[in-house]
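K.L.:
Take this sequence and fold it.
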Amino acid sequence: MPQWPKEYGGADMGIVEQLILQEEMAYRGAPIPGTSGIRMLGPVLMLYGTEEQKREHLPGIASGEVIWCQGYSEPGSGSDLASLQTRAVRDGDEYVINGQKIWTSNAHRADQIFLLARTDPDAPKHRGISFFVFPMKTPGITVQPLINLAGIHGFNQTFYDNVRVPAKSLVGEENRGWYVGAALLDFERSNISGAAMAKRSLEQLTQYCRETKSDGGSLMSQPLVRNSLAALAVETEVGRLLSYRVASIQAAGARYPTKKPRWPSSTTPNWRNAWPGQAFGSWGCMARCGPSRHAGRGCAVSSRCAT
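P.N.:
Model (predicted):
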């Protein structure tokens, strides 16, 4: 975990150092384990988790011993995640979860899940949502595989039938999980690895086109093939440069927050200067829109914002 602080087992690398390492690892095809845990959930637990939650979950994330999956998307929500209908009802010292998630990557392999559920059905849709973490072996969870057109099983549907989880599974405040979940998505969004892998794939494809014979010449001799490869090269380079741009901006003022963000608030620090763990992803709508728009005047960037 190059981006994690040393106190949690990380290398505490600077933003540019992180970018270089991730780019080289992705280009060389090195495995990057535990993306859901290391890049997404771990930083969120550092910000919003209790000390007990940090002690319980961060070591397993850091060691790669615990596999996590993400319970966000639902069949009826589409891109409007805030319309989710999975319910979590408080019952004494437990929450009872009922509902369905879809596109749950690696749910069939995961040990734990982080999940958004509605805890106040009468609140506006961006509110009344809470963020939970719990084991996938909890009774009442059913995993149904979704096989893609290539015959690969990566996605799943997951069903929750009176799943009881302890109240300590709640991360952050009840009914304020949208802000926890949005912070996690900010940590998730990264492009330098994707751009580096795309560059490697494009180089391999280009070599294939040079070596493969077609109509008396190579595939590369065909204008349509050359133009298509050129367009892919431009897109790949744009993605790489955008990642560099984000990293340079964050490197100019990144810092580790000592307090949990209070969203939405006119006093919230601009997330452009937020945690270095978001070294080369998007700044998030908080950084690009500024905190004032999150105080109720609407976000111009993302439908995920709590306006």
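
K.L.:
In stretch 172-181, which of the residues would be classed as buried?
P.N.:
Residues of stretch 172-181 classed as buried by neighbour count (16 or more other C-beta atoms under 10 Å): 172, 174, 176, 177, 178, 179, 180, 181. Any C-beta I mention is one placed from the backbone N, CA and C, and that applies to glycine too.

K.L.:
now the end-to-end length of that stretch.
P.N.:
One end of stretch 172-181 sits 10 Å from the other (C-alpha to C-alpha, to the nearest Å).

K.L.:
starting at the chain centroid, how far to it?
P.N.:
16 Å (C-alpha atoms, centre = their mean, to the nearest Å).

K.L.:
now the helices: where do they sit in the chain?
P.N.:
In the chain, helices defined by DSSP state H lie at 15-28, 42-48, 51-63, 177-188, 192-211, 223-251, 285-289, listed in chain order.

K.L.:
Let me know which of these is the nearest to residue 134.
P.N.:
helix 51-63 (10.8 Å; C-beta to C-beta).

K.L.:
Any buried residues in that closest one, and which?
P.N.:
53, 57, 58, 60, 61, 62.

K.L.:
so which of those residues would you say is closest to residue 238?
P.N.:
Closest to residue 238, out of all of the buried residues of helix 51-63 and judged by C-beta to C-beta, is residue 61, at 32.4 Å.

K.L.:
could you dump the helices of the chain to CSV with mean pLDDT and distance to residue 160?
P.N.:
What follows is the helices of the chain, written out as CSV (pLDDT from 0 to 100; distance: least, C-beta to C-beta, whole Å):
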stretch, mean pLDDT, distance to residue 160
helix 15-28, 88, 34
helix 42-48, 92, 21
helix 51-63, 93, 20
helix 177-188, 86, 16
helix 192-211, 94, 31
helix 223-251, 91, 36
helix 285-289, 37, 29
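
K.L.:
could I get the buried residues of stretch 172-181 as a markdown table with distance to residue 120?
P.N.:
Compiled in a markdown table, these are given as follows (distance: C-beta to C-beta, whole Å):
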| residue | distance to residue 120 |
| --- | --- |
| 172 | 14 |
| 174 | 8 |
| 176 | 10 |
| 177 | 10 |
| 178 | 11 |
| 179 | 14 |
| 180 | 15 |
| 181 | 15 |
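
K.L.:
Select, from those residues, the two members most distant in space.
P.N.:
174 and 181 (13.5 Å).

K.L.:
any idea how far residue 219 is from residue 225?
P.N.:
In this view, residue 225 and residue 219 are 5 Å apart by C-beta to C-beta, to the nearest Å.

K.L.:
which neighbours do those two share?
P.N.:
residue 209 (C-beta atoms under 8 Å, 6 or more residues apart in numbering).

K.L.:
For the residue of the chain positioned farthest from its centre, which residues are in contact?
P.N.:
For the chain, the largest distance from the centre (C-alpha atoms, centre = their mean) belongs to residue 216, which lies 47.4 Å off. Applying C-beta under 8 Å, 6+ apart to residue 216 gives no contacts.
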